[in-house]
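1. predicted model, plus sequence, below.
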Amino acid sequence: MQRLPALFLLLLSAVVVSLHQCTAFKEADFKKCASSGFCTRNRGVKGTQYSVDPGTVKVEGADLSATLTSKAASQSFNLTVRAYGPTVRIIVDEHASEHPPRYQIPDVLMSTLQQQTTKWASSQATAHTWTGSIGDVTVKLTFASFKLEVLVGGKSAVVLNSRSMFNFEHPRKKQEGDPADWWEETFNGHQDSKPAGPEAISIDMTFSGSQHVYGIPERATNLALKPTAGSGVVSEPYRLYNLDVFEYEHSSPFGLYGAIPVLLSHKQGLTVGAFWLNAAEMYVDVESVRDGQAVQWITESGILDLFIMTGPSPKDVTSQYAAVTGTTAMPQLFALGYHQCRWNYKDEADAYAVDAGFDEHQIPYDVLWLDIEHTDGKRYLTWDSRLFPNPIAMQEDIASRGRKMVTIVDPHVKRDSAYYIYKEASDNKYFVRKSDGTEFDGWCWPGASSYLDVTNPEVRSWWATQFTPDKYKGSTKHLYIWNDMNEPSVFNGPEITMQKDVLHYGDVEHRDIHNIFGYYYHLATAEALIHRGQEKELYGEHGDRPFVLSRAFFAGTQRVGPIWTGDNAAQWSHLAVSVPMLLTLGLTGLPFSGADVGGFFGNPDAELLTRWYQLGMYYPFFRGHAHLETQRREPWLFGEDTTRRIREAIRGRYALLPYIYTLFRHTNQTGIPLMRPLWFEFPDDTTLFATEEEFLLGPAIWVKPVLQVIHCASCFAMHSVYI
């Protein structure tokens, strides 16, 4: 009788996993603004009354400080305006009180940022305003009805709270008659206890004279963001909330696997950027107004910590953002070659055959990847000894031809006391906890799983020791890592993710750190490869740079490693939307990215697959990947003509490697992306501001890919590239 519950749970796990494998995007599984109390309370609400107390205004060095007061709520807040040369930082937080302080994100901003603070060159206050200037940048703060305007060269660039939509939900105690969604919320049977009550923040900003805004990835939509609010517009706002979205839709404002709360506005003569350092769930509305483009940001919790990058050029904005959050880590050369992946190469014989197939067909490649089926029952950092009995010999053999291998390591840890990773982490209380202090138990590929609390520096330090060959048995110096499912994905959780009221390091709720969880797991794994790379007997005096691919991401991920755009499909629409998706990632500081060539789901025909390789050769990260249930699609399986065209595309990538590697060094130094919209290089040509079907690779290569099927046999040729 005692075995029945275990059998039931095993069957339930199989059902959950099966459903996740076979079910396409289900809109009803995910929240919209109407089902998020903090969004419905704040979306489109104007007329909030906040003012600055003139008697509290104080300027000291780079900082202006003042007290911001809410007339309606009789609450006051700390306001700080800080200058970092051409970048202006605006911080609003609560005064110290009996309530716990709000979460502020560590580990994202550059440690050198404090050294960049710049004393205000001029500072003038009246009874109604304060004005400060540094170089061409002027900040004007209006007191009576709180408003902050940033001017560049004497002209308005962006105005905060011009539409009186700023709102900062203050701390309070629960009382009888409070609205139901203040203290708890239910979605699809999952209850969120919301112990801190309402904590949302809303801020509006208007980009004066601008007709286009860009950024706030990740979503499969246009490069220039379409309006989601305003007269005649019916749309969900853009959402930033990292989720495991199975077979996502294109042309949708729905948020996907990663979130970078960075927005750029561009017009002739001026590009401006805005970065809100906040990892909680966020909604963003875009509206075309008489004065330009208006944006409302709403987040569930945290503080307002907003950076305004004043340009004035597109390259200036990306470099200014890089000064705040860092530049792209410099990759090893092999990481810029072609990668071959599939869920899954089933055993060693299969891996050897694929490797040999590239040589037989004279197609270069650099890395062979193994998905989750290579492990012992989804226990990461292990091998299935039946399928991969000699993993070291396999890696050494493939490395003998100058190649590397990658294995997948996901953040869910199988709850098995005989599994050394689980036991050691559990004994040390390294897992995310429920509110009662017990381990959070969620479902993912292994079934019952716990999740490492990678927000804890001690946990990350421990994780960093797990990848050396003496710990990761069967690994070699030729093996690198892939982090998937790190949004985090929880099959039986709300929206296929973790409950917001579970607890992390310092008793911080998951709602405060959700969008940064994947960044921390990626960071911890990269630190592990850095630790491994310091072993001189393996790598020599100069050590080894890490390579870790991640699906989830946040601001700062560029310092860690590359990402890819997740579970796309073998459709022409997904081929086309990959271009604006990757361009957006580059504009928001994450240029080392790519889309699965051929589409993860479905079976591409020869033309679609060929066109994808012909585009993919210009992606910063170039990998072919496919789902478990798709037909095999190695480059030589579609006939001699298709093999020749794909061979030409991949060889073309290798011919460009010196140029691409040089571009990476440039972005490593400057923050300027590799893939660039045309307007990035030609910022005054208004006809290019919405162009998204072609792009520049660096300053010298113009790529115009074929993104639609061509009904002409003689027209089947490589797409045009202008150099």
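-> That came in fine, so what should we check first? Residues are numbered from 1 along each chain as shown.

2. adjacent strands (with direction) for the longest strand belonging to the chain?
-> In the chain, with assignment by DSSP state E, the single longest strand is strand 75-84. Under the criterion DSSP bridges, strand 75-84 sits next to strand 63-70 (antiparallel), strand 87-94 (antiparallel) in its sheet.

3. export the ones you listed to CSV and tack on mean neighbour count and mean pLDDT?
-> From N, CA and C alone the C-beta is placed, and that goes for glycine too. CSV is the format used below for those (neighbours: other CB atoms under 10 Å; pLDDT from 0 to 100):
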stretch, mean neighbour count, mean pLDDT
strand 63-70, 19, 97
strand 87-94, 20, 98
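
4. okay, these in TSV with distance to residue 41 next?
-> Below are those laid out as TSV (distance: least, CB to CB, whole Å):
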stretch	distance to residue 41
strand 63-70	15
strand 87-94	18
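
5. which phi and psi values does residue 271 adopt?
-> Residue 271 adopts backbone torsions of phi -120, psi 140, taken as degrees, to the nearest 10.

6. that one: how many residues sit nearby?
-> 26 (other CB atoms under 10 Å).

7. please apply the same query to residue 266.
-> By the measure other CB under 10 Å, the count of residues near residue 266 is 28.

8. what mean pLDDT does the longest strand of the chain get?
-> Summarised as a single mean, pLDDT over strand 75-84 is 97.

9. wait, isn't residue 585 in contact with residue 593?
-> Yes: in this structure residue 585 lies within contact range of residue 593 using CB atoms under 8 Å: 4.6 Å.

10. so what sits against both of the two?
-> Between them, residue 585 and residue 593 share these contacting residues under CB atoms under 8 Å, 6 or more residues apart in numbering: residue 563.

11. how close does the nearest residue to residue 479 once chain neighbours are set aside sit to residue 477?
-> Spatial nearest neighbour of residue 479, excluding adjacent residues (CB to CB, 6 or more residues apart in numbering): residue 405 at 5.3 Å. According to CB to CB, to the nearest Å, residue 405 stands 11 Å off from residue 477.

12. residue 443 too?
-> 35 Å.

13. about what we covered before: if I've got this straight, the residue nearest to residue 479 is in a strand?
-> Yes: counting by DSSP: H, G, I helix; E, B strand; the rest coil, residue 405 is found in a strand.

14. which residues touch it?
-> Contact analysis of residue 405 by CB under 8 Å, 6+ apart lists 367-370, 394-395, 398-399, 478-480.

15. how about low-confidence regions in the chain?
-> 1-25, 712-723 (pLDDT under 70).

16. in it, which spans are helices?
-> Taking DSSP state H as the criterion, the chain carries its helices at 3-22, 37-42, 180-183, 314-325, 348-360, 391-399, 420-427, 457-463, 510-533, 536-539, 572-587, 606-616, 640-670, 678-681.

17. nearest to residue 380, out of these?
-> Minimum separation from residue 380 across these (CB to CB) falls at helix 420-427, 7.1 Å.

18. show me where the stretch 51-200 of the chain has its strands.
-> Assigned by DSSP state E, counting those that start in this stretch, the stretch 51-200 of the chain shows strands spanning 58-60, 63-70, 75-84, 87-94, 122-125, 129-134, 137-142, 147-152, 155-160, 167-168, 185-187, 190-192.

19. for the ones you listed, give me JSON lines that also has distance to residue 520.
-> Formatted as JSON lines, those follow (distance: least, CB to CB, whole Å):
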{"stretch": "strand 58-60", "distance to residue 520": "34"}
{"stretch": "strand 63-70", "distance to residue 520": "29"}
{"stretch": "strand 75-84", "distance to residue 520": "25"}
{"stretch": "strand 87-94", "distance to residue 520": "23"}
{"stretch": "strand 122-125", "distance to residue 520": "39"}
{"stretch": "strand 129-134", "distance to residue 520": "34"}
{"stretch": "strand 137-142", "distance to residue 520": "33"}
{"stretch": "strand 147-152", "distance to residue 520": "32"}
{"stretch": "strand 155-160", "distance to residue 520": "30"}
{"stretch": "strand 167-168", "distance to residue 520": "27"}
{"stretch": "strand 185-187", "distance to residue 520": "25"}
{"stretch": "strand 190-192", "distance to residue 520": "22"}
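
20. closest to residue 29 out of these?
-> Counting by CB to CB, residue 29 lies closest to strand 185-187 out of these; the figure is 9.7 Å.

21. what are the contacting residues of the closest one?
-> With CB under 8 Å, 6+ apart as the test, strand 185-187 has contacts from 31, 35-37, 191-192, 194, 494-495.

22. tabulate the residues you listed (TSV), appending distance to residue 181 and neighbour count.
-> Converted to TSV, the contacts of strand 185-187 look like this (distance: CB to CB, whole Å; neighbours: other CB atoms under 10 Å):
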residue	distance to residue 181	neighbour count
31	12	19
35	10	14
36	9	22
37	3	21
191	12	12
192	10	19
194	8	22
494	15	20
495	17	18
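
23. farthest-separated two in these?
-> Spanning the widest gap among the contacts of strand 185-187 are 194 and 495, at 15.8 Å by CB to CB.

24. what does the longest strand of the chain rub up against?
-> Strand 75-84 is contacted by residues 52-53, 62-70, 88-95, 113, 116-120, 132, 134, 137, 139, 141, 148, 168, 170, 323-324 when judged by CB under 8 Å, 6+ apart.

25. ok, back up a step: between the helices of the chain, which one is nearest to residue 700?
-> Smallest distance to residue 700 across the helices of the chain (CB to CB): 7.4 Å, for helix 640-670.

26. packing partners of that closest one?
-> Secondary-structure packing of helix 640-670 (3 or more CB pairs under 8 Å, 6 or more residues apart in numbering; DSSP states H and E): helix 314-325, strand 338-340, helix 606-616.

27. now the second one, how far from the chain's geometric center?
-> Okay, so that is strand 338-340. The chain centroid and the centroid of strand 338-340 are separated by 22 Å under CA atoms, centre = their mean, to the nearest Å.

28. and for that strand, what's in contact with it?
-> Applying CB under 8 Å, 6+ apart, the set of residues contacting strand 338-340 from outside is 354, 358, 364-369, 406, 621-624, 634, 650, 653-654.

29. strands paired with that strand, and their directions?
-> The pairing partners recorded for strand 338-340 under DSSP bridges are strand 367-370 (parallel), strand 622-624 (parallel).

30. circling back: more crowded one of residue 443 and residue 477?
-> Applying other CB under 10 Å to residue 443 and residue 477 shows that residue 443 carries more neighbours, namely 21 against 18.

31. what number of residues lie near residue 438?
-> A total of 9 residues lie near residue 438 under the criterion other CB under 10 Å.

32. distance check, it against residue 415.
-> Distance, residue 438 to residue 415, by CB to CB: 12 Å.

33. then residue 694?
-> The gap separating residue 694 from residue 415 is 49 Å, by CB to CB.

34. do the same with residue 189
-> Taken as CB to CB, the span from residue 189 to residue 415 is 23 Å.

35. neighbour-wise, which of those two wins?
-> Taking neighbours as other CB under 10 Å, residue 189 and residue 415 compare with residue 415 leading, 17 against 6.

36. confirm for me that the more buried one is in contact with residue 450.
-> Yes: look at residue 415 against residue 450 with CB under 8 Å: they come within range, at 5.6 Å.

37. which neighbours do the two share?
-> By CB under 8 Å, 6+ apart, the residues touching both residue 415 and residue 450 are 422, 439, 441.

38. TSV for those, including distance to residue 328?
-> Output for the shared contacts of residue 415 and residue 450, formatted as TSV (distance: CB to CB, whole Å):
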residue	distance to residue 328
422	34
439	36
441	37
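
39. out of those residues, which are buried?
-> The neighbour count (16 or more other CB atoms under 10 Å) marks 422, 439 as buried among the shared contacts of residue 415 and residue 450.
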